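*Asks:* The following comprises the amino acid sequence and a computationally predicted model.
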Amino acid sequence: MIGDKKVLFSGMQATGNLTLGNYLGALKNWVSLCDEYECFYSVVDLHSITVRQDPAELRQRARKLLTLYIAAGLDPKKNCLYYQSHVSGHAELAWILNCFTYMGELNRMTQFKDKSAKHADNINAGLFTYPVLMAADILLYQADVVPVGKDQLQHLEITRDIAQRFNAIYGDVFTIPEPYLGKTGAKIMSLQEPDKKMSKSDENANASVYLMDDPDTVMRKFKRAVTDSEGCVRYCEEQPGIRNLIDIYGACTGKTSAEIEKEFEGKGYGDFKMAVGESVVAILKPLQERFAELEKDKGYLDGIIKENAEKAEYYALKTLRKVQKKVGFPERAR
Ligand code: TRP
């Protein structure tokens, strides 16, 4: 708890470009969470270097991501938006937690297996202990809830195991985090293969709408979106393509699927796709304008980044000092 609020922590990697799916499915819904939770959103650059990165590009993408979060509506005075690398406590706690994590546990992590298959030439120890660093992220802020996708649930589970193990030895040091199960956004699927989630790493550029796509590109992608064969705008199992477009249109306009079916009664897919495209352009426009403004205002952003790193560090150090004492490190003279 911080004050009378529960703590929410989430980390994001600055890889790839954020998609409409990231926005409608997650980001947009995070904006109001700060009323209920003390929110920390970290750009996890320590995690990023478990695979090779171009340094200049990593730095640039990380800053872009932070900027985009603010542009999307996360108020940096109410949410702690910061770089993981600015708070050294993450790495320090990760080291300690490494000593409370078993090789066997880490060996079972499916993401490690997937990633080592994908990067067979660089199976480094960081990739192996990635989940421990993630546990450190979460436990450092005594987070109560963590909004994560399905692919990260196993990492949250190991975080809980590590925390419980530590607490069993040293008393109640860590809050045991839960997955955040509150209101989540629409699940947006690929525009080309609507049985697959829209992904920022999709190789087919037409499958995903990126938050920085210009209006022409957005419209073109929706024109090319895969539809179905019934020829009518109806929300049903048999029409995964149309269902996805209805979900997108609904998320952008606030209309229900019943209202949308009615609106397009007797109209073809063509008209509908245009309307969906336009609704997306309409929500991306203010976001992109705000992004451009923020990018120009270097001083403002730098100030936010510094302020938030200090705030994060304050809470991180509180936990870290406690943990260091528990495991037997000598206190520093003041
Ligand atoms: N591993 C997460 C991902 O790839 C990112 C992450 C790092 C994270 N630390 C975290 C997510 C802590 C939630 C909480 O998506």
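*Replies:* Arrived safely, thanks for sending. Owing to the predicted nature of the structure, the values given are computational and were not obtained by experimental measurement.

*Asks:* Quick check: residue 212 vs the ligand, distance?
*Replies:* Noted for residue 212: a distance of 20 Å to the ligand, by C-beta to the nearest ligand atom, to the nearest Å. No exception for glycine: its C-beta is placed from N, CA and C like everyone else's.

*Asks:* That residue against residue 17, yeah?
*Replies:* Yes - at 6.4 Å, residue 212 counts as touching residue 17 under the criterion of C-beta atoms under 8 Å.

*Asks:* Closest residue of the protein to the ligand?
*Replies:* Proximity of the chain to the ligand (C-beta to the nearest ligand atom) peaks at residue 11, 2.8 Å away.

*Asks:* list the contacts for that residue?
*Replies:* With contact taken as C-beta atoms under 8 Å, 6 or more residues apart in numbering, residue 11 is in contact with 41-44, 47, 84, 134, 137.

*Asks:* Can you sort out which of those residues also neighbour the ligand?
*Replies:* 44, 47, 134, 137 (C-beta under 6 Å from any ligand atom).

*Asks:* Around residue 110, how many other residues sit close by?
*Replies:* 10 (other C-beta atoms under 10 Å).

*Asks:* Could I get the pLDDT score of it?
*Replies:* What the model reports as pLDDT for residue 110 is 95.

*Asks:* Would you enumerate the residues in contact with it?
*Replies:* residue 154.

*Asks:* tell me the SS of the residue of the chain closest to the ligand?
*Replies:* The local conformation at residue 11, judged by DSSP: H, G, I helix; E, B strand; the rest coil, is strand.

*Asks:* For the least confident helix or strand in the chain by mean pLDDT, what is the distance to the chain centroid?
*Replies:* Across the helices and strands of the chain, mean pLDDT, DSSP states H and E gives its lowest value to helix 28-30, namely a mean of 90. Relative to the centre of its chain, helix 28-30 is centred 11 Å away, using C-alpha atoms, centre = their mean, to the nearest Å.

*Asks:* ok, residues contacting it?
*Replies:* 10, 39, 41, 72-74, 79, 147, 183-185, 251.

*Asks:* Could you confirm residue 40 falls within a strand?
*Replies:* Yes - under three-state DSSP, residue 40 sits within a strand.

*Asks:* show me what contacts it?
*Replies:* 7-10, 79-80, 82, 141, 143, 312, 315.

*Asks:* Among the residues you listed, name the ones in strands.
*Replies:* Among the contacts of residue 40, the members falling in strands (DSSP state E) are 7-10, 79-80, 82.

*Asks:* Test my guess that residue 208 contacts residue 21.
*Replies:* Yes - using C-beta under 8 Å, residue 208 is in contact with residue 21, at 7.0 Å.

*Asks:* Now do the shared contacts for those two.
*Replies:* 198-199.

*Asks:* Spatially, what comes nearest to the residue of the chain closest to the ligand if we skip its sequence neighbours?
*Replies:* Spatial nearest neighbour of residue 11, chain neighbours left out: residue 44 (4.1 Å); criterion: C-beta to C-beta, 6 or more residues apart in numbering.
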